[in-house]
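Chemist: Sequence and predicted structure are below.
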Amino acid sequence: MAAETTQHWRGELKLDEPMGGHTSWRAGGRARRFYKPADIDDLCEFMAGLDASEPLLWLGLGSNLLVRDGGFPGTVIFTFGALTEMRWIDGQTVHVGAGMSCSKVARTTAREGLVGAEFLAGIPGTMGGALAMNAGAFDGETWAHVSAVDTIDRAGVVHTRLPSEYRIAYRSVEGVPEEWFLGATLALRHGDAEAARERIQELLARRSASQPTQQPSCGSVFRNPPGDHAARLIEATGLKGLARGGAQVSEKHANFIVNTGSATATEIEALINEVQERVEQAQGIRLEREVRIVGERPAS
Ligand SMILES: Cc1cc2nc3c(=O)[nH]c(=O)nc-3n(C[C@H](O)[C@H](O)[C@H](O)COP(=O)(O)OP(=O)(O)OC[C@H]3O[C@@H](n4cnc5c(N)ncnc54)[C@H](O)[C@@H]3O)c2cc1C
C-alpha cells in the first residue's frame, strides 16, 4: 500500500492490490492501482486527474468478475462501501448509490413497504454491478425498476441519463462508452412490508436449495440460451463435477463453477473454455459467457 505525494483527492489508493480478496471466486492477480473514493466529488477529482490512456476497471463486489492471474495493468475504481448514498425522492422513488449492496437495497425498500426489489436480495453484488449486468432473478430484472441513472465519464463529469439512452436486454446493457454508474433512481410500488419480507426469505431459501452458496463462485457462468437453460445443457453433456485444478463444475448447479479451495484464475478460465467447447460439440449450441474476464495472462 502506498500513497502518492501530490494527491488532491481524499480517497484511499493502494498499489499492487490482490484481486482475489475482492472477487467472489477468491482467485486472480493484482491490480496495479486500486482506488476507493471518499465520495462522488472526490471521485470526480480523481477521474479528472487520470491519464487518458489509463486502463480502468470498475469494481463492485466482484461477484461476476474474473481477474486473470497476470493482474490488471491499470486502475480499479472500487465502489462497494464508497458510493453508498440512499436518498428518498418520494414515497416510492429512491436514489441508490452504485456502491450499495443489492441485498441492502432489497431489505431497506421492503422495510418501507415497497415491492419490486425483493429479487435483489440474493444477488451478492452492488447496485452498480446490477446496473452494468442488468442483474435479475426469479422474474425480476434491475432495469425494469430504473427511472434514471447518474454516470461519470473519464473527465470526471457527471451525467443524468434515462433508460431510453441504453440498449437493455437479458444480462446485457449497452450505453455511452466510457461512462460508469454512480447510482440509480428506482421507481417501486407501495405494497405490504411483511409480504415483501416474506418474499425475500422465500427467494433466499429457493436459492440455497438449488445453488452452491457456501462455495466461492461467480453465480451463473453462462447466459441461458433462448428457450433453454445453460445448466441443463452442461449437465446433459456430462460435465457436472468436471475439475481442472481447484476449479470444478458444481455438482449442485451445473452452470456454477466453484473454487474448491486453491483454484487459480487460469484454471477457472480453462474450465470455462472447456465447458463452452464441449457443450458446443455435444449439443450444437455455443454458450455465451455471462461472467466478465479481465486482465493479463501470467507470463509463462
Ligand atoms: C452465488 C451467486 C449468485 C448469483 N446470482 C445471480 C442472480 O441470481 N442473478 C444475476 O443477475 N446475477 C447473479 N450473480 C452474479 C453477480 O452477483 C451479478 O452479476 C451482480 O450484479 C454483479 O455485481 P458486482 O457488484 O459484484 O459487480 P462486479 O462483479 O464487481 O462487476 C461486474 C461487471 O460490472 C462492471 N461494473 C461494476 N460496477 C460498475 C459501475 N458502478 N459502473 C459501471 N460498470 C460497473 C464491472 O466492471 C464488471 O464488468 C450471482 C453471483 C454469485 C456469486
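Modeler: Looks like it arrived, so ask away.
Chemist: Leaving out sequence neighbours, find the closest residue to residue 272.
Modeler: Excluding its sequence neighbours, the residue lying closest to residue 272 (C-beta to C-beta, 6 or more residues apart in numbering) is residue 221, at 5.9 Å. To be clear about C-beta, it is placed using only N, CA and C from the backbone, and glycine gets the same treatment.
Chemist: What's the local residue count around that neighbour?
Modeler: 26 (other C-beta atoms under 10 Å).
Chemist: Next, residue 94: secondary structure please.
Modeler: What DSSP: H, G, I helix; E, B strand; the rest coil gives for residue 94 is strand.
Chemist: Is the residue positioned nearest the centre of the chain in a helix, a strand, or coil?
Modeler: Taking C-alpha atoms, centre = their mean, the centroid of the chain lies closest to residue 129, which sits 3.8 Å from it. Using three-state DSSP, the structure places residue 129 in helix.
Chemist: what's near enough to touch the closest residue to it other than its chain neighbours?
Modeler: Spatial nearest neighbour of residue 129, chain neighbours left out: residue 60 (3.7 Å); criterion: C-beta to C-beta, 6+ apart. Counting by C-beta atoms under 8 Å, 6 or more residues apart in numbering, residue 60 touches 79, 80, 98, 99, 125, 126, 127, 128, 129.
Chemist: can you list the residues you listed in JSON lines and add distance to the ligand?
Modeler: Shown next, in JSON lines, are the contacts of residue 60 (distance: C-beta to the nearest ligand atom, whole Å):
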{"residue": "79", "distance to the ligand": "5"}
{"residue": "80", "distance to the ligand": "7"}
{"residue": "98", "distance to the ligand": "4"}
{"residue": "99", "distance to the ligand": "8"}
{"residue": "125", "distance to the ligand": "2"}
{"residue": "126", "distance to the ligand": "4"}
{"residue": "127", "distance to the ligand": "8"}
{"residue": "128", "distance to the ligand": "2"}
{"residue": "129", "distance to the ligand": "2"}
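Chemist: Can I get the residues you listed in a markdown table including pLDDT?
Modeler: Formatted as a markdown table, the contacts of residue 60 follow (pLDDT from 0 to 100):
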| residue | pLDDT |
| --- | --- |
| 79 | 98 |
| 80 | 98 |
| 98 | 98 |
| 99 | 98 |
| 125 | 98 |
| 126 | 98 |
| 127 | 98 |
| 128 | 98 |
| 129 | 98 |
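Chemist: Check what contacts stretch 213-228 and list those residues.
Modeler: 23-27, 63-66, 123-124, 170-171, 207, 211, 230-231, 233-234, 250, 255-260, 272, 275-276, 285, 287-291.
Chemist: Can you narrow the residues you listed down to the ones near the ligand?
Modeler: 24, 63, 64, 65, 123, 124, 211 (C-beta under 6 Å from any ligand atom).
Chemist: Let's see which of the residues you listed end up in strands.
Modeler: residue 65 (DSSP state E).
Chemist: of all the ones next to the ligand among the contacts of stretch 213-228, which two lie farthest apart?
Modeler: Greatest spatial distance among these (C-beta to C-beta): 65 and 211, at 18.0 Å.
Chemist: quick one: which of these two has more around it?
Modeler: For residue 65 and residue 211, the more surrounded residue by other C-beta under 10 Å is residue 65, and the numbers stand at 24 against 18.
Chemist: and the more buried one, what is it in contact with?
Modeler: Contact analysis of residue 65 by C-beta under 8 Å, 6+ apart lists 23, 59, 218, 291, 292, 293, 294.
Chemist: Quick check: beta-bridge partners of it?
Modeler: Residues in a beta bridge with residue 65, per DSSP bridges, are residue 292.
Chemist: returning to that earlier point: would you mind measuring from the residue nearest to residue 129 to residue 82?
Modeler: From residue 60 over to residue 82 the distance is 10 Å, taken as C-beta to C-beta, to the nearest Å.
Chemist: Equivalent analysis for residue 288, please.
Modeler: In terms of C-beta to C-beta, residue 288 sits 31 Å off from residue 82.
Chemist: Which one of these two is surrounded by more residues?
Modeler: Between residue 288 and residue 82, residue 82 has the larger neighbour count (other C-beta under 10 Å), namely 22 against 13.
Chemist: Name the SS class of that one, please.
Modeler: Classified using three-state DSSP, residue 82 is coil.
Chemist: what's the answer for the one 5 residues further on, then?
Modeler: Reduced to three states with three-state DSSP, the structure at residue 87 is strand.
Chemist: which strand residues sit across from it in the sheet?
Modeler: residue 95.
Chemist: Model confidence at the nearest residue to residue 124 once chain neighbours are set aside, what's the number?
Modeler: Spatial nearest neighbour of residue 124, excluding adjacent residues (C-beta to C-beta, 6+ apart): residue 63 at 4.7 Å. If you check residue 63, the pLDDT there is 98.
Chemist: Noted, bye for now.
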